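1. coordinates only, sequence not included:
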Ligand code: CP3
């Protein structure tokens, strides 16, 4: 079975030879070859130059042996399609100089199709696809409307995103208008990625853990459901979040094919909460990768054991690779996951 087959079969909950594995944030950060490339270009140049983005996307497939390549891009890139300028500050993250904080700010947003706003992302997908063949699945992605709204309203990274949540609670009309725009943007962006050759997609709702179940139900979930209703018929769709132990039942019923969970619940317990109708991605603690190999191996084996007997497990970390991780340990994890069954 090729890596691509293995990944796509698991995403559809079909039997596989061995468990497929990839790592979130595998395309950047911890690989010396990425650091060398990054030393020559700033991040946005890498992400918006198709040849360079394709090179970074392929590095972990070649060096770690993973079953999926995740497109080298960022959740902020599609903001180019709604005319919102942003920067990515090294070591800080996304910064938006003119945040959206009122109905009037929201009115100014206009949506252009992905082919016009982010043609470089689609071209990078075509280049990667041509190089990759069937060795690994190519995973496209987008930030979910809630997580994008957090940055758009707050204007910068934050622990609690209080301004964004205050707007959600205090000005529902502006909130829903913004979520509508971001949902339309996201559906178009993911569709265009699939049309360009992405085999599957992941929706990153990284800051969802800031919400309670009732707010999630009314302010966010209707938009998430709409995205999966449009996208899942076209390609397998993965929902990603962290810190969402209180929301797993709702996430499981959002219409995604696979739910990516962090390490806060054992994999089988989380799977029980999201339900049998979906696959599971996860869920090694990224910090465990910094521990000695024996501890890493025990953690990885425990996860594999908890998934035994159920189709639809994709092995991953619970969140992104930490920059100080040793790539040799990541390769060993891939070998272990591919040997165990
Ligand atoms: O494997 C990969 O790295 C694939 C590409 C990828 C990037 N960002 C590249 C990137 C992916 C999938 C993302 C998603 C992303 N971006 C998310 C969702 C995933 C998550 O971790 O929750 C979020 C919240 C962002 C926003 C963002 N962009 C952050 C928080 C940062 C990190 C800031 C930092 O330096 O710590 C970025 C910048 C960024 N995106 C980098 C990379 C490789 C680092 C930029 C650099 O090289 O200077």
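-> Yes, it's here. Just so we're clear, the structure is a prediction, and the values are computed from it rather than from any experiment. Numbers count the residues shown, from 1 in each chain.
2. please make it C-alpha for all contacts and neighbour counts, starting now.
-> OK.
3. ok now do the residue of the stretch 201-341 of the chain found nearest the ligand, which residues does it touch?
-> Using CA to the nearest ligand atom, residue 206 is the residue of the stretch 201-341 of the chain that sits closest to the ligand, at 4.3 Å. Residue 206 sits next to 143, 147, 240-242 when contact means CA atoms under 8 Å, 6 or more residues apart in numbering.
4. surely it forms part of a helix?
-> No. With the criterion set as DSSP: H, G, I helix; E, B strand; the rest coil, the secondary structure at residue 206 is coil rather than a helix.
5. quick one: the helices in the stretch 51-200 of the chain?
-> If you assign secondary structure with DSSP state H, counting those that start in this stretch, the helices in the stretch 51-200 of the chain sit at 103-107, 114-117, 119-132, 145-154, 162-170, 172-196.
6. ok, for residue 330, nearest residue in space, not its chain neighbours?
-> residue 64 (6.7 Å; CA to CA, 6 or more residues apart in numbering).
7. wait, what's in contact with the one you found?
-> With contact set as CA under 8 Å, 6+ apart, residue 64 has these partners: 327, 330-331, 334.
8. that older thread, just send the helices of the stretch 51-200 of the chain back as JSON lines, with mean neighbour count, mean pLDDT and distance to residue 139 too.
-> Putting the helices of the stretch 51-200 of the chain into JSON lines (neighbours: other CA atoms under 10 Å; pLDDT from 0 to 100; distance: least, CA to CA, whole Å) gives the following:
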{"stretch": "helix 103-107", "mean neighbour count": "13", "mean pLDDT": "93", "distance to residue 139": "30"}
{"stretch": "helix 114-117", "mean neighbour count": "17", "mean pLDDT": "97", "distance to residue 139": "17"}
{"stretch": "helix 119-132", "mean neighbour count": "20", "mean pLDDT": "98", "distance to residue 139": "9"}
{"stretch": "helix 145-154", "mean neighbour count": "24", "mean pLDDT": "98", "distance to residue 139": "19"}
{"stretch": "helix 162-170", "mean neighbour count": "16", "mean pLDDT": "98", "distance to residue 139": "29"}
{"stretch": "helix 172-196", "mean neighbour count": "20", "mean pLDDT": "98", "distance to residue 139": "9"}
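9. the ligand is nearest to which of those helices?
-> Across the helices of the stretch 51-200 of the chain, closest to the ligand is helix 145-154 (CA to the nearest ligand atom), at 7.3 Å.
10. can you check what angle separates that closest one from helix 162-170?
-> Orientation of helix 145-154 against helix 162-170 (axes from the mean of the first three to the mean of the last three CA atoms, to 10 degrees) gives an angle of 110 degrees.
11. show residues contacting helix 145-154.
-> Counting by CA under 8 Å, 6+ apart, the neighbours of helix 145-154 from elsewhere in the structure are 75-76, 94-96, 99-101, 157, 161-165, 178-179, 182-183, 186, 204-208, 220, 223-224.
12. can you redo the helices of the stretch 51-200 of the chain as a markdown table with distance to residue 87?
-> Converted to a markdown table, these look like this (distance: least, CA to CA, whole Å):
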| stretch | distance to residue 87 |
| --- | --- |
| helix 103-107 | 19 |
| helix 114-117 | 16 |
| helix 119-132 | 17 |
| helix 145-154 | 11 |
| helix 162-170 | 19 |
| helix 172-196 | 19 |
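13. kindly present the ones you listed as a markdown table, with separate columns for distance to the ligand.
-> Shown next, in a markdown table, are the helices of the stretch 51-200 of the chain (distance: least, CA to the nearest ligand atom, whole Å):
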| stretch | distance to the ligand |
| --- | --- |
| helix 103-107 | 21 |
| helix 114-117 | 18 |
| helix 119-132 | 12 |
| helix 145-154 | 7 |
| helix 162-170 | 15 |
| helix 172-196 | 13 |
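14. to residue 269, which of these lies closest?
-> helix 145-154 (25.5 Å; CA to CA).
15. and the angle from the closest one to helix 172-196?
-> Compare the direction of helix 145-154 with that of helix 172-196 by the same axes, to 10 degrees and you get 120 degrees.
16. residue 198 contacts residue 139, correct?
-> Yes. If you go by CA atoms under 8 Å, residue 198 and residue 139 touch, sitting 5.6 Å apart.
17. the ligand contacts on this structure?
-> Within the chain, the positions adjacent to the ligand are 24-29, 43, 70-75, 88, 90-94, 204, 206, 320 by CA under 6 Å from any ligand atom.
18. please redo it, this time with the cut-off set to 8 Å
-> Residues of the chain lying close to the ligand (CA under 8 Å from any ligand atom) are 23-29, 35, 38, 42-43, 47, 57, 70-76, 88-94, 141-143, 147, 157, 204-207, 241-242, 319-320.
19. list only buried entries from the residues you listed.
-> Among the residues of the chain next to the ligand, those buried by neighbour count (16 or more other CA atoms under 10 Å) are 23-29, 38, 43, 47, 57, 70-74, 76, 88, 94, 141-143, 147, 204-207, 241-242, 319.
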